[in-house]
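quick one: sequence and predicted model below, then my questions.
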Amino acid sequence: MQLIVVVVAVLYPFAIYFGHGTVSSGVLAAFLAVVLLLRVLFGQFDSVWKWVALVVVLLGFAVYSWLPFNSGALNYYPVAMNSMMFLLFGLSLLRKQPLIEQIARKRGMPVDDYNISYLRNLTLVWTVFFGFSIIMSTWTVLAGDR
């Protein structure tokens, strides 16, 4: 089942690209919601409530894009995803253990004083990357097909 979830997640951008204009945005939003639900149901996540909140927000986004007056809302999916990743990585910098350090510890990797500093900086680099990605994906949506 994991393989199916990964394949569907990889094929999602192609479905949006080829379906945009031929299939209603509501159908594409429903496809997105199914992909997210599959990832949450069959993924291995420690904090269930974080992922429940993610699904609720994204399902609300999908329902909103299904409404007839807002056919372009689905274009903001990359902005929403990058924003969530930016918040996830950025807010973890305020904690004792940033996200990448938590991942390293859960995988059983040795974490000493040098690694702690490196992993914090690496989390910062990813935060900056997602911030830049928010700007670029927003610009792409707003620029449209000019």
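Looks like it came in fine.

please identify which helix or strand holds Tyr17.
In this assignment (DSSP states H and E), Tyr17 forms part of helix 2-19.

gap between the residue nearest to Thr123 when sequence neighbours are not counted and Ser92?
Spatial nearest neighbour of Thr123, excluding adjacent residues (C-beta to C-beta, 6 or more residues apart in numbering): Pro98 at 3.8 Å. Placement of C-beta: from N, CA and C, glycine included. Pro98 is 5 Å from Ser92, where distance means C-beta to C-beta, to the nearest Å.

who's more crowded, those two?
When Pro98 is set against Ser92 and neighbours are counted by other C-beta atoms under 10 Å, the residue ahead is Pro98, at 24 against 19.

mind listing what that one touches?
The contact partners of Pro98, by C-beta atoms under 8 Å, 6 or more residues apart in numbering, come to Phe89, Ser92, Leu119, Arg120, Thr123, Leu124.

for Phe18, give its distance to Phe31.
Distance from Phe18 to Phe31, by C-beta to C-beta: 12 Å.

the more surrounded of those two?
Neighbour totals were compared for Phe18 and Phe31, and Phe31 leads with 19 against 10 (other C-beta under 10 Å).

which element is that one on?
Assigned by DSSP H and E, Phe31 belongs to helix 25-42.

avg pLDDT for that helix?
For helix 25-42, mean pLDDT is 68.

which stretches in the chain count as helices?
With DSSP state H as the criterion, the chain has helices at 2-19, 25-42, 48-66, 77-92, 99-106, 113-143.

what's the fourth one packed up against?
Counting contacts by 3 or more C-beta pairs under 8 Å, 6 or more residues apart in numbering; DSSP states H and E, helix 77-92 is packed against helix 48-66, helix 99-106, helix 113-143.

hmm, try it at 6 Å
Applying 3 or more C-beta pairs under 6 Å, 6 or more residues apart in numbering; DSSP states H and E, we find helix 77-92 packed against helix 113-143.

buried ones in the helix it packs on?
Residues Leu119, Arg120, Leu122, Thr123, Trp126, Thr127, Phe130, Gly131, Ser133, Ile134, Ser137 are the ones in helix 113-143 that count as buried (16 or more other C-beta atoms under 10 Å).
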